[in-house]
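**Student:** Generate a structure from the sequence data that follows.
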Amino acid sequence: MVLTFTKISYRIKWLILRYTLAASFFLFSNILFAQSSQSAFPSRMAWTAYNLGSTGYNQAVAIGAMLREKYGVTLRVIPGQNDISRLLPLKTGRVDFSVNGVSTYFAQEGMFQFANSQWGPQPVRLLMTSNGLSNQAVAVAADTGVTSFSELRGFRIPYVRGAPALNVSMEAHLACGGLTWDDVVRVDFPGYDAAWTGVVNGDVDAGFGTTVSGPMFRVEASPRGIRWLPAPHDDAECWDRMLAIGPYFTKHLATRGAGIDPDSPHEAGTYPYPLLTALETQDNDVVNALTRAIHENYDDFKDSDPGAIGWALERQVFQWVVPYHDGAVAYWREIGVWSDELEAHNQSLISRQEVLASAWAEFSEEEIPDQDAFAEAWGQLRADRLEAAGFNPVWR
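**Tutor:** The predicted structure is shown next:
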């Protein structure tokens, strides 16, 4: 009887030891996994973003708070007043990433403010983008009575100096209605807010912007009121003309914005904002870890800003006009959302960048001191080389 009890005691002790070892191994493995996930992150990172208080800045700060809490990373978010000030620190290596807008695409193409000897086409890459419930679209003062783009002929339209993202986008929407800048009265403004203040004050009649940005609500509350012009998704000719000038637009129904009723969404287009942008040379492991962290911890920051909902996996637009970084692709492939079709599209965009880089290297051997002549000559060579490689240059 004593022998039997002793055997049972030994057996119980052996089982306890066995499960203790198993639990310890499991805990140790999890610790190692957590450490390996965090080891890819530097202890400090710096990003550029839009101005203080902007939705892009607010989302970057919220993601930074998540990174600090979950991974011990200190993120410094540097506000930039314009496209150059957001991308120059990325180009020179002063920051790791940029929470940017559609100028990421302009930088890839080496056009507009990037068509000069200090810039040229840049090897930019995406990790993720935010695609919220708003549109990037054109609104008119309601008192104009205008209800379609074709009716804008002869009306006063703002042109924001040094802001090609706004001006090219306005041009694309005018094209939806079969119009150009020659068909409207162009009124120059020094900035985005000033242009929309011009709508409130009666100096211009329309403007391009995000349906949820502050100036739109000021227009809505003014005596003039606000109306968003539609770009009907079934109007193929409208969209063909729009995309010929602004290929970065995608069809979208907005349910948020000034003067927009969620039960009657605004049918037009948008593009991702903000875009988490890196250079091709950014470390794959850091990119992979950051992409994973934002996706897996989305619930921690999704309520930080009305636009933060756009970081959800189901709202990602992977087939866009700028390629994704290899580190991000590896993560998206790991979780099963990266298809062969997306890979083919991504490789085509990378090939486009390679053609642009080759054309820039060729062009850089020329000496053209006049900036206007420089931009014109570069634009022509760029278009020629892209067309020869089977790509649409979009602009000349």
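**Student:** Starting from the helix or strand containing Thr48, tell me which strands it pairs with and how they run.
**Tutor:** In the assignment (DSSP states H and E), Thr48 maps to strand 44-49. When pairs are called by DSSP bridges, strand 44-49 turns out to pair with strand 74-79 (parallel), strand 97-100 (parallel).
**Student:** List the contacts of the shortest one.
**Tutor:** With CB atoms under 8 Å, 6 or more residues apart in numbering as the contact definition, strand 97-100 has outside contacts at 45, 47-50, 56-57, 59-60, 77, 83, 86-87, 89-90, 104, 127, 274-278, 282, 290. In this view, the C-beta of every residue, glycine as well, is placed from N, C-alpha and C.
**Student:** Give me the mean pLDDT for it.
**Tutor:** Mean pLDDT, strand 97-100: 96.
**Student:** again, but for the longest one
**Tutor:** Computed over strand 74-79, the mean pLDDT rounds to 96.
**Student:** ok, and for that strand, which residues are buried?
**Tutor:** 75, 77-79 (16 or more other CB atoms under 10 Å).
**Student:** okay if I get these as TSV plus distance to Pro223?
**Tutor:** Compiled in TSV, those are given as follows (distance: CB to CB, whole Å):
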residue	distance to Pro223
Leu75	43
Val77	38
Ile78	39
Pro79	33
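**Student:** need the contact list for Glu220.
**Tutor:** Taking CB under 8 Å, 6+ apart, one finds 226, 258-259 in contact with Glu220.
**Student:** element containing it, please.
**Tutor:** helix 214-221.
**Student:** after that helix, next one along is what?
**Tutor:** Next element after helix 214-221 (DSSP H and E): strand 226-228.
**Student:** Sketch out the low-pLDDT regions of the stretch 1-150 of the chain for me.
**Tutor:** 1-39 (pLDDT under 70).
**Student:** so can I have JSON lines of the strands paired with strand 44-49 showing distance to Phe249?
**Tutor:** Output for those, formatted as JSON lines (distance: least, CB to CB, whole Å):
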{"stretch": "strand 74-79", "distance to Phe249": "26"}
{"stretch": "strand 97-100", "distance to Phe249": "17"}
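**Student:** which stretch among these comes nearest Pro247?
**Tutor:** Shortest distance between Pro247 and the strands paired with strand 44-49, using CB to CB, is found for strand 97-100: 17.4 Å.
**Student:** For that closest one, what is the distance to the chain centroid?
**Tutor:** Its chain's C-alpha centre and that of strand 97-100 lie 8 Å apart, by CA atoms, centre = their mean, to the nearest Å.
**Student:** circling back to that earlier point, which ones among the contacts of strand 97-100 lie within strands?
**Tutor:** 45, 47-49, 77, 127, 275-278 (DSSP state E).
**Student:** what's the most distant pair in the residues you listed?
**Tutor:** Met45 and Leu275 (16.8 Å).
**Student:** Looking at those two, which is more packed in?
**Tutor:** Leu275 (25 against 18; other CB atoms under 10 Å).
**Student:** I'd like to know how far the more buried one sits from Asp235.
**Tutor:** The gap separating Leu275 from Asp235 is 27 Å, by CB to CB, to the nearest Å.
**Student:** Once you drop chain neighbours, what's closest to the residue most central in space within the chain?
**Tutor:** Nearest to the mean C-alpha position of the chain, by CA atoms, centre = their mean, lies Leu275 at 2.4 Å. Once flanking residues are discounted, Leu275 sits nearest to Thr129: 4.7 Å by CB to CB, 6 or more residues apart in numbering.
**Student:** and if you look at Phe318?
**Tutor:** Phe318 sits nearest to Leu342 (CB to CB, 6+ apart), 5.2 Å away.
**Student:** What is the neighbour count of the one you found?
**Tutor:** Leu342, neighbours per other CB under 10 Å, totals 16.
**Student:** what's the helix or strand for it?
**Tutor:** helix 340-363.
**Student:** Cool, thanks, talk later.
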